[in-house]
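*Asks:* just coords:
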């Protein structure tokens, strides 16, 4: 399209983020090539159901003699100011010039709030809510004690490593149940890969938590400590008492150091004459010869199955029984940490009580030499994630059974 003069154009149609432009490129001294612009929505909070392959919904179309630049601010037909965050241009010789622009929200000034540091030389204890409320000054030594207590509670109560075993066990159970209840048309080789991945993830974490626990107890209490000796005794008792525990230990050696067991996923369907409905049984098993033929299989397991080499082991049953067998070991890990947890939780309860809810340690931090002038730097130690533990931990040295799922 050709027009006389050099106007900037006007927005027509719906408001939008992207502009498409079609103009003749050959021009004369008195004619100006107009760009057809499509504005498409690129705002984070847009209705994404209106998106297409080209981008967000069209908010406006217009014509102008100059293309938009990234960072330009324009007003939509409803008066809202937006900023151009992206642009595509297409110049077609003899046919025109198109531009599509995508608009985003203008950055808004960040809210400001005041923090009362109480003229404290170091840390402050604050009540953390929508805003902070000054409680008292906290010395550097006390702040370190609080950090140590919080770190111990996280490591040995709210986020202990052995919880990974429970979570990986849940993943294995969910994967197995999904496969067991899958419809016939949903069965494919990919199903066995999902099962194998879930099993191997659980299997490797099984040994990981045992090895890390051994190292942790040795570091905390010493190689000749009673705590480490009780942990090792719990492992020995579990190994001696449970066939499933021994099989899992042998499988871990096989998988980590040699190869995968030759697992077979089997689906058997029969008609229930009482109900007239089909019933399905799924098994995921491997031949015990995989262990008997492995140089990484302990002699104890080989002696156990040498007389029945035709045995097939159902993995779902083995995993369930092994998780039951490992519970006394996990319980021993909990018992070891309880005395120190009681000490630290008692200290933290005082802090939570003083803050009347959720405490926060906060202090002004000395800015670096190359930092921007006039900017405040605040250092924070958060404790809100410990609130449930601090409020609910039983202070008597009684230990509930360790959870398995």
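*Replies:* Cool, got the structure. Computed from a predicted structure; not experimentally measured. Residues are numbered from 1 along each chain as shown.
*Asks:* Which parts of the stretch 1-150 of the chain are helices?
*Replies:* 140-153 (DSSP state H, counting those that start in this stretch).
*Asks:* Low-confidence stretches in it?
*Replies:* For the stretch 1-150 of the chain, applying pLDDT under 70 flags the ranges 1-33, 92-95, 108-113.
*Asks:* who does the helix or strand that contains residue 290 touch, helix- and strand-wise?
*Replies:* Residue 290 is part of helix 289-292 when elements are defined by DSSP states H and E. For helix 289-292, the packing partners by 3 or more CB pairs under 8 Å, 6 or more residues apart in numbering; DSSP states H and E come out as helix 243-257, helix 299-305. The C-beta positions use only the backbone N, C-alpha and C, and glycine is treated the same way.
*Asks:* redo that, cut-off 10 Å
*Replies:* helix 243-257, helix 299-305, strand 312-314 (3 or more CB pairs under 10 Å, 6 or more residues apart in numbering; DSSP states H and E).
*Asks:* closest to residue 128 out of those?
*Replies:* Smallest distance to residue 128 across the helices and strands packed on helix 289-292 (CB to CB): 44.1 Å, for helix 243-257.
*Asks:* Now do the closest one, average pLDDT.
*Replies:* Helix 243-257 carries an average pLDDT of 91.
*Asks:* Tell me the buried residues in the helix or strand following that helix?
*Replies:* The element immediately downstream of helix 243-257 (helix or strand, assigned by DSSP H and E) is strand 264-272. For strand 264-272, a neighbour-count test (16 or more other CB atoms under 10 Å) marks residue 265 as buried.
*Asks:* Now do the contacts for residue 136.
*Replies:* The neighbours of residue 136, taking CB atoms under 10 Å, 6 or more residues apart in numbering as the test, are 118, 120, 123, 124, 125, 126, 354, 355.
*Asks:* how about 7 Å then?
*Replies:* Taking CB atoms under 7 Å, 6 or more residues apart in numbering, we find residue 136 in contact with residue 125.
*Asks:* and what of the one 10 residues further on?
*Replies:* Counting by CB under 7 Å, 6+ apart, residue 146 makes contact with 351, 361.
*Asks:* Apply 10 Å and report the result again.
*Replies:* 123, 125, 138, 344, 347, 348, 350, 351, 359, 361, 381, 383.
*Asks:* tally of neighbours for the closest residue in space to residue 302 that isn't next to it in sequence?
*Replies:* Spatial nearest neighbour of residue 302, chain neighbours left out: residue 292 (5.7 Å); criterion: CB to CB, 6 or more residues apart in numbering. By other CB atoms under 10 Å, the residues close to residue 292 number 17.
*Asks:* Tabulate the contacts of residue 146 in a markdown table, adding columns for neighbour count.
*Replies:* Converted to a markdown table, the contacts of residue 146 look like this (neighbours: other CB atoms under 10 Å):
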| residue | neighbour count |
| --- | --- |
| 123 | 23 |
| 125 | 24 |
| 138 | 22 |
| 344 | 24 |
| 347 | 16 |
| 348 | 23 |
| 350 | 12 |
| 351 | 21 |
| 359 | 27 |
| 361 | 23 |
| 381 | 16 |
| 383 | 22 |
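*Asks:* out of the residues you listed, who's nearest residue 66?
*Replies:* Out of the contacts of residue 146, the member with the shortest distance to residue 66 (by CB to CB) is residue 381, at 53.0 Å.
*Asks:* Just to check, the closest one is in contact with residue 365?
*Replies:* No. In this structure, residue 381 is not within contact of residue 365 by CB atoms under 10 Å, at 12.0 Å.
*Asks:* quick revisit: next, format the helices and strands packed on helix 289-292 as TSV and append distance to residue 215 and mean neighbour count.
*Replies:* What follows is the helices and strands packed on helix 289-292, written out as TSV (distance: least, CB to CB, whole Å; neighbours: other CB atoms under 10 Å):
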stretch	distance to residue 215	mean neighbour count
helix 243-257	17	20
helix 299-305	25	15
strand 312-314	31	15
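*Asks:* Of the ones you listed, which is nearest residue 392?
*Replies:* For residue 392, the closest of the helices and strands packed on helix 289-292 is helix 243-257, at 31.9 Å, according to CB to CB.
*Asks:* who does that closest one touch, helix- and strand-wise?
*Replies:* helix 189-221, helix 226-241, helix 289-292, helix 299-305, strand 312-314, helix 315-354.
*Asks:* How about stretch 200-217, which residues are buried there?
*Replies:* For stretch 200-217, by 16+ other CB under 10 Å, it's 200-203, 205-210, 213, 216-217.
*Asks:* which residues sit in contact with residue 269?
*Replies:* Contacts of residue 269 by CB under 10 Å, 6+ apart are 184, 278, 279, 280, 281, 282.
*Asks:* confidence score at it?
*Replies:* pLDDT, read off for residue 269, is 72.
*Asks:* measure residue 58 to residue 172 for me?
*Replies:* 48 Å (CB to CB, to the nearest Å).
*Asks:* hang on, residue 105 packs against residue 73?
*Replies:* No. Taking CB under 10 Å as the definition, residue 105 is not a contact partner of residue 73, at 11.1 Å.
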